[in-house]
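In: structure, please.
(2 chains)
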Protein chains: 2
Amino acid sequence: MLNQILDQLDSDQDAALARLFNLLRIESVSTDPAYKESCTAAADWLVDDLKSIGFEASRRDTTGHPMVVAHSGGSGPHILFYGHYDVQPVDPLELWDRPPFDPALEETENGKVIRGRGASDDKGQLMTFIEACRAFKTVTGALPANISILLEGEEESGSPSLIPFLKENAEELRADYALVCDTGMWNADTPAITTMLRGLVSEDFTIHAASRDLHSGMYGGPAINPNRVLAKLLAGLHDETGRITLPGFYDGVSEVSNYIKDQWENLNFPVDEFLGDVGLSHPAGEQAYSALEQIWARPTCDINGMWGGYTGAGFKTVLPAEASAKVSFRLVGEQDHVAIQASFRKYLEDGLPEDCSISYRAKDGAGATNMPVEAPYFAAAQRALSDEWPNEAAFIGCGGSIPIVGHFQEYLGMDSMLIGFGLEDDQIHSPNEKYNLSSFQKGARSWVRILHALT
Amino acid sequence: MLNQILDQLDSDQDAALARLFNLLRIESVSTDPAYKESCTAAADWLVDDLKSIGFEASRRDTTGHPMVVAHSGGSGPHILFYGHYDVQPVDPLELWDRPPFDPALEETENGKVIRGRGASDDKGQLMTFIEACRAFKTVTGALPANISILLEGEEESGSPSLIPFLKENAEELRADYALVCDTGMWNADTPAITTMLRGLVSEDFTIHAASRDLHSGMYGGPAINPNRVLAKLLAGLHDETGRITLPGFYDGVSEVSNYIKDQWENLNFPVDEFLGDVGLSHPAGEQAYSALEQIWARPTCDINGMWGGYTGAGFKTVLPAEASAKVSFRLVGEQDHVAIQASFRKYLEDGLPEDCSISYRAKDGAGATNMPVEAPYFAAAQRALSDEWPNEAAFIGCGGSIPIVGHFQEYLGMDSMLIGFGLEDDQIHSPNEKYNLSSFQKGARSWVRILHALT
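Out: Prediction:
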């Protein structure tokens, strides 16, 4: 039976790719209100596709972009699959080699890739699971038993509707555990289950000074410049060794166990290649830690955006009325995102000179997550993945946060198993995003093996 | 004789105002090619008016808008008067209370004002001088001896034709000194001669790090963030007292003489009002200096713009590939703008961490200008102004630069005396520009007194 389903997947590859391209053409950028209708269209497309293979599926509207919920029904362990259909903005558009929403298959030196915004994050990934379900249905006449699916449309914009939705629909969505497909493999030959995720808390704020923009010829000197205030506050967040200076920031951060450290050392992380691929050569994080520890096991403070004054062509000798920044913190271990946000705000406010004030566009946060790797479904999935790929599947960490995992724990009381087929060079969130064709095809085959083992 | 000429001016007030209104009706916006013919029309209007009172006047075409040049001839000291007939754009038009090119006299709580684009900057100002010449001609039958006039049509658009024109016509235009009428009074009762102008040097640069934008989940920690590098560099430009830290920056900065300092103290600069008008309360410049010294006599370093990473709505956990800033320095005394630019670049480059590089969009600079206030024509003009207005005329500074003064020094080897009758609330460059009727009428009377004393 397993081989029949895998064969079915292989014989349906062209149609599967066409389906994915249709989904990729929908410009479901969730951060920008201009794309609201496209987000709804993507949800509708998924509902229709899930219905067509036998899921009881529906679009569930929220105050933001809609959710897609589907159930296969049946008995056995209840498993909730999670993915997201929204994508990152595409700017700077001029750095794309082709229109981001006109996907295409391209031949590269590493094989064929699917090029386009969302190819990897997360439309290509979520479709690996749906294609696996489709193959089950085609071969067996039924979907794998007791699968539910939750597809979100706001993952790239902070998931404002998610927690209310989980709370309101907890009975319907609560499962024995979740499968989340939004992560990557260790490398193109080595599948991985991500068992540690950094958390994230972010702040988006503006420093206000004069009531209007001023001319530096008239006011330069006596008028406070919020750009200068902002630069000083941002510059003070790290000490000379790369350590973050906020009081209490490292509370709850513990060292990685030797057991995990040994595993990570065995992965022979190619740090020179990792950095060299993006034009860098020196790990710039905390000096006392290896690059892999810096990514997986150490917290960070990142200035994701800052702006103030005149930023166009030419020059304008303006003293701006305000300056703004977007700052985020990657969290590990037991770091408390609420306490860190409070500490950051206190730092900013304590550092404001006279005549300056600050306003916030508040963001949510989530702590880091550590998975129950001793649970039997982890071993089963690890075996299934190892059967599909050249190398054994590894338990790895992840530098990014996947807030859904914390939300599932907090609001549905269930753990998650994170399995995905993205690769480091997928350029997610950047121009020219891609997903390897092998990720898409062997990813779907992997889910067939995993579902066969788990259901 | 002086009183006869002043009486002539007073009796000709209505006609003088009608002439100014005719000039104000010509839409000579120099920045916008749509108004090219209007600029030429304004030049022609001035040529005709100057000819009508006995000047040998001509329109001198350039690759941009034309110059107007006129000579009275005669013996004695040669004096070049400078003004400009072009005006700022009028947008946003909806903020004007009347059509900007349909001038009118309006009654306000501070007396009558001439409302319209260019009323103050600089058509009203330049006509004060022409009306003074006309009154001389009417009463004495001759113009004041050896006056030349240069009226520019590109002052509001960067004066692209000015330096070539000065170079090509240096013999004709070179005078003993220039009178420039494009500045203001200290207040409505206190005339002023501007004797110190700050210079300006600016730098527009980008710090480059990774070869592309990175995701902070994947690279946060080991990847250098150019926003953080830029913030640190910008934050290091000032010490805790507001002093600029660049090596050699204060070379050539000297303290204001007690003579000038006393004059400035007598002006009773209303610092609370000056800052309060724009929502500020504390002078934020170098702590050791008064607000007026900070504006007129102290150099500054201003971050006019900075930007890096994601600055749109929502949040993007990006580590940008680059971060940029526009920084300018207001210069005083003998500060060398070339040396300061070099010191700034060295500071930036010395502070770059590994894996970062910097690129510049180079800008020109100009040093500060200090007038030869000990020259006898300064004393004579100061006496003449003091005779006309309620308060004694003051020697004041100006926080901005007026490039013509530097150009006259560099290309014609002559100093300038800056005398004008604008007021802080004239709203030049803004909607509802005005010029007080008293500025126009007593301005013309002031020039009669000054010309009588100087020629």
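
In: how about the worst-scoring helix or strand of chain A on mean pLDDT, does it reach chain B?
Out: Ranked by mean pLDDT, DSSP states H and E, the helix or strand of chain A with the weakest confidence is helix A:258-266, at a mean of 79. No - on the criterion Cβ under 8 Å from any Cβ of the partner chain, helix A:258-266 is out of touch with chain B, staying 14.0 Å away. Glycine gets a C-beta too; all of them are placed from N, C-alpha and C.

In: can you list contacts of that helix?
Out: A:M196, A:V256, A:L292, A:E293, A:W296, A:A394, A:F395, A:I396, A:G397 (Cβ atoms under 8 Å, 6 or more residues apart in numbering or on different chains).

In: from these, list the ones also adjacent to chain B.
Out: Applying Cβ under 8 Å from any Cβ to the contacts of helix A:258-266, none is adjacent to chain B.

In: and the residues you listed, which of them are in strands?
Out: Secondary structure from DSSP state E places A:M196, A:A394, A:F395, A:I396, A:G397 of the contacts of helix A:258-266 in strands.

In: ok, of the residues you listed, which one's closest to B:S75?
Out: A:G397 (90.1 Å; Cβ to Cβ).

In: hang on, isn't that closest one packed against A:A297?
Out: Yes - A:G397 is in contact with A:A297 according to Cβ atoms under 8 Å; the separation is 6.3 Å.

In: where do the contact lists of the two overlap?
Out: The contact lists of A:G397 and A:A297 share A:M196, where a contact means Cβ under 8 Å, 6+ apart.

In: next secondary structure after the least confident helix or strand of chain A?
Out: Sequence-wise, the next helix or strand downstream of helix A:258-266 (DSSP states H and E) is helix A:271-276.

In: for that following helix, packing partners?
Out: Contacts defined by 3 or more Cβ pairs under 8 Å, 6 or more residues apart in numbering or on different chains; DSSP states H and E place helix A:271-276 against helix A:291-296.

In: could you report the distance from A:D49 to chain B?
Out: 27 Å (Cβ to the nearest Cβ, to the nearest Å).

In: over to A:G248?
Out: 20 Å.

In: for the nearest residue to A:Q13 once chain neighbours are set aside, give me its contacts.
Out: Nearest residue to A:Q13 in three dimensions, chain neighbours excluded: A:Q441, at 6.1 Å (Cβ to Cβ, 6 or more residues apart in numbering or on different chains). If a contact means Cβ under 8 Å, 6+ apart, then A:Q441 has A:L9, A:D10, A:Q13, A:A16 as its contacts.

In: try A:S324
Out: Taking Cβ under 8 Å, 6+ apart as the test, what A:S324 contacts is A:D204, A:F205, A:T206, A:I207, A:L230, A:G305, A:M306, A:W307, A:G308, B:T311.

In: what about these, which are in helices?
Out: In helices, judged by DSSP state H, the following of the contacts of A:S324 are found: A:L230.

In: and of the contacts of A:S324, the nearest to A:A375?
Out: A:D204 (37.1 Å).

In: any idea how far the closest one lies from chain B?
Out: Distance of A:D204 to chain B, given as Cβ to the nearest Cβ: 6 Å.
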